[in-house]
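[1] got a predicted structure here, sequence first:
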Amino acid sequence: TVSLGGAFPAPPRTWRDAELFRGLTKAELEVIEPHVAKRDLALGEALVEEGDLATDLFVVDTGRLEVVTRDADSGRELPVGEVGPQQVVGEVALFDELPRSATVRALEPCSVWVVRFHELRPSHGLSARSSMDPRPKAVRSAYHGLLENLAAMLADRLRLQTNRLRDGAKQREATGNFLVNILILVCAYTFLLSGLDQLGERAPANTSLVSIPLQVVFALGS
């Protein structure tokens with residue numbers, strides 16, 4: 001498994017220092033603060049389960065978590081990747097509003113910041129109050145700021161995954177070329193051995209003089 005967001009950076013000092021909240025104003029952070037809570041996970045404890053409804057997103061404070069998905073045919077869990085400090089998990093289901101597509105489980109004792117993202121939507125909670133309330137504008141601004149940061153983080157993750165897919169494609173191409181070359185060598189070697197058999201019937205003494213160098217050449221080629 002690999003990190004879903006590249007190398008793990010240093011843990012944030014507080015939730016405000018996490019990359020998800022970079023660039024937000026003091027007023028926007030104050031709006032978000034009541035909707036952020038800390039959660040501790042023991043080794044092996046699940047943060048979310050595949051199929052759960054998605055209302056929150058999570059920012060890893062300390063520790064590492066694994067992301068696994070269940071194969072529909074075999075029922076086995078397949079590893080997808082890992083997330084570590086400052087990385088966000090659980091954000092995809094918030095965009096498509098579908099159940100969680102994977103299970104996230106602690107690989108070691110962890111702590112995460114739980115962001116109740118659905119409560120910050122402009123149509124929810126404070127923003128639905130009277131227009132005289134000065135807070136709705138700040139709620140919308142904080143929500144859009146989070147969306148922009150999430151989009152940037154997802155773009156970085158997509159770029160990283162694209163690079164990994166490209167490298168994987170190069171490795172598969174190299175492996176395919178290697179196997180083709182080996183098959184060509186084996187076929188050529190088999191063809192020449194059959195020629196040596198015929199040569200041995202006519203000049204047995206010369207067979208070893210030809211076969212030994214031939215084996216060395218094909219061994220080096222392989």
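    Great, that's in hand.

[2] quick one, what contacts residue 51?
    Residue 51 makes contact with 99, 100 under the criterion Cβ atoms under 8 Å, 6 or more residues apart in numbering. (Glycine included, C-beta is placed from N, CA and C.)

[3] which SS class is it?
    coil (DSSP: H, G, I helix; E, B strand; the rest coil).

[4] then residue 140?
    Per three-state DSSP, residue 140 ends up helix.

[5] poorly predicted segments of this structure, please.
    1-12, 122-135, 196-211, 214, 222 (pLDDT under 70).

[6] can you show me the strands along it?
    Secondary structure of the chain (DSSP state E): strands at 36-41, 46-48, 57-62, 65-70, 77-83, 88-89, 103-106, 110-115.

[7] just checking, what packs against the longest one?
    Put plainly, it is strand 77-83. strand 65-70 (3 or more Cβ pairs under 8 Å, 6 or more residues apart in numbering; DSSP states H and E).

[8] only the buried residues of the strand it packs on, if you could.
    65, 66, 67, 68 (16 or more other Cβ atoms under 10 Å).

[9] re the thing from before, distance to residue 173 for the strands of the chain - can I get that in CSV?
    Converted to CSV, those look like this (distance: least, Cβ to Cβ, whole Å):
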stretch, distance to residue 173
strand 36-41, 41
strand 46-48, 37
strand 57-62, 35
strand 65-70, 27
strand 77-83, 23
strand 88-89, 32
strand 103-106, 33
strand 110-115, 38
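
[10] so which of these comes closest to residue 170?
    strand 77-83 (20.2 Å; Cβ to Cβ).

[11] just the buried residues of strand 65-70 now: which is nearest residue 139?
    Nearest to residue 139 among the buried residues of strand 65-70: residue 65, at 29.3 Å, using Cβ to Cβ.
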